[in-house]
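**Student:** would you be able to build a 3D model of this:
(one chain, ligands or ions: 4)
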Amino acid sequence: MKKYRLKWFATMTGLFALLAVPVLMVGNVTYAADTNGGAHYAGVSQCKVCHNKPSTGAQYTKWTQMKHAKAYETLKTDKAKAIAEKRGIKVAPNEAPECLKCHVTGYDVKTKSAPDNIKIEDGIQCETCHGPASNHIKDGKTLMFQPNKAGSIDLLAHLQLPTADTCKQCHNPESPTWNPEQFTTKDGKKVGFDFDQAKKIIAHPDPKLDAQKKK
Ligand code: HEC
Ligand code: HEC
Ligand code: HEC
Ligand code: HEC
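**Tutor:** Numbers count the residues shown, from 1 in each chain. Ligands and ions are numbered 1, 2, ... in the order given. Coordinates of the predicted model:
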């Protein structure tokens, strides 16, 4: 199991929620340096190169249609401004670390910046959920130029597939627009976040990979 700070933050959020201690959360969604084999963030424009063919699921285009891709733009809306004002935030929400930490990939509230190669305009992009992917890209390129290596390269080796905890870094009551009754579970319970249902809304499967997995 790879260790990454996301998990820690989820656990702490859960703990605080349990104890019902009103604390100011200062955490942010960034990965520890050892994630994905010490990889760094590459940026969504890199993913587009290999992940936009219809035959393998056109993940890039699907992402542009998700609200995640607009998460930064959302902070420029009147609704965002009203939320920030109510909370006494003095700067525009799209410049406020308290908002950016959940609306931009890897945003660090301590340094008040996004990682190198991450454009804040891209909002929540691939590496928020899959982790820094520079090493995965190296693997992908090796395969592209040396197809004979296909058997020895695992394209999942340097990637994360997100769990519910990954999502709950942001999908939690700390979000000013959190709706505790957003989803209805199979047994009729109202919950703020349901991993399986939420995953379906943002689904971007690779039909080829899925066929292989079923074999
Ligand atoms: C040089 C090409 C290349 C680039 C660039 C690339 N990938 Fe991939 N990626 C692949 C290939 C090839 C696969 C295997 C999928 C297949 O065979 O259809 C893959 C698979 C994946 C998978 C699924 C792994 C699995 O087995 O379930 C994820 C997630 C992924 N890539 C994320 C990313 C992200 C995020 C980026 C950008 C930061 C990215 N990739 C950039 C080539 C690339
Ligand atoms: C870094 C923070 C962050 C993480 C991690 C995150 N999200 Fe989100 N998510 C957001 C924000 C912010 C929005 C609202 C974007 C907007 O409306 O501009 C959102 C919106 C959504 C929506 C509604 C969007 C739509 O297209 O209808 C779904 C569903 C969703 N997220 C699912 C997920 C799932 C599933 C995961 C985990 C695999 C996840 N999110 C991880 C921040 C995050
Ligand atoms: C803990 C993570 C988190 C923080 C901090 C956060 N957001 Fe969000 N934001 C989300 C998520 C997740 C969504 C998707 C809806 C939801 O579940 O609340 C969202 C959605 C939104 C939306 C769209 C809501 C809609 O109805 O379309 C606005 C506007 C917004 N956030 C503004 C802000 C502002 C302004 C701040 C800073 C004061 C902020 N957010 C801080 C996670 C966060
Ligand atoms: C909000 C989180 C989130 C974002 C953003 C996101 N993904 Fe994913 N991705 C997921 C989840 C959840 C799955 C399903 C994982 C599983 O099946 O366990 C997935 C699966 C995949 C797969 C494997 C599909 C398969 O059928 O096995 C690929 C490839 C992929 N993502 C690429 C990308 C690329 C490229 C981007 C950006 C353009 C991206 N993802 C953005 C959450 C995300």
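
**Student:** residue 132 is in contact with residue 46, isn't it?
**Tutor:** No: counting by Cβ atoms under 8 Å, residue 132 does not reach residue 46; the two are 11.2 Å apart. In short, each C-beta sits where N, CA and C put it, glycine included.

**Student:** the more surrounded of the two?
**Tutor:** Taking other Cβ atoms under 10 Å, residue 132 and residue 46 do not tie; residue 132 has more neighbours (28 against 18).

**Student:** Provide the secondary structure category for the more buried one.
**Tutor:** Secondary structure state of residue 132, per DSSP: H, G, I helix; E, B strand; the rest coil, is coil.

**Student:** ok, the residue in the chain sticking out farthest from the centre to residue 142 distance?
**Tutor:** Here the chain reaches farthest from its C-alpha mean at residue 148, the gap being 33.0 Å by Cα atoms, centre = their mean. Per Cβ to Cβ, to the nearest Å, residue 148 is found 10 Å from residue 142.

**Student:** what's the answer for residue 128, then?
**Tutor:** Computed with Cβ to Cβ, the distance linking residue 128 and residue 142 is 25 Å.

**Student:** in terms of neighbours, single out the busier of these two.
**Tutor:** The neighbour comparison of residue 128 against residue 142 (other Cβ under 10 Å) goes to residue 128, with 28 against 14.

**Student:** helix or strand: which one has that one?
**Tutor:** Assigned by DSSP states H and E, residue 128 belongs to helix 126-130.

**Student:** the helix or strand following that helix vs ligand 1: in contact?
**Tutor:** Sequence-wise, the next helix or strand downstream of helix 126-130 (DSSP H and E) is helix 134-145. Yes: against ligand 1, helix 134-145 shows contacts by Cβ under 6 Å from any ligand atom at 136-137, 140-141, 143-144.
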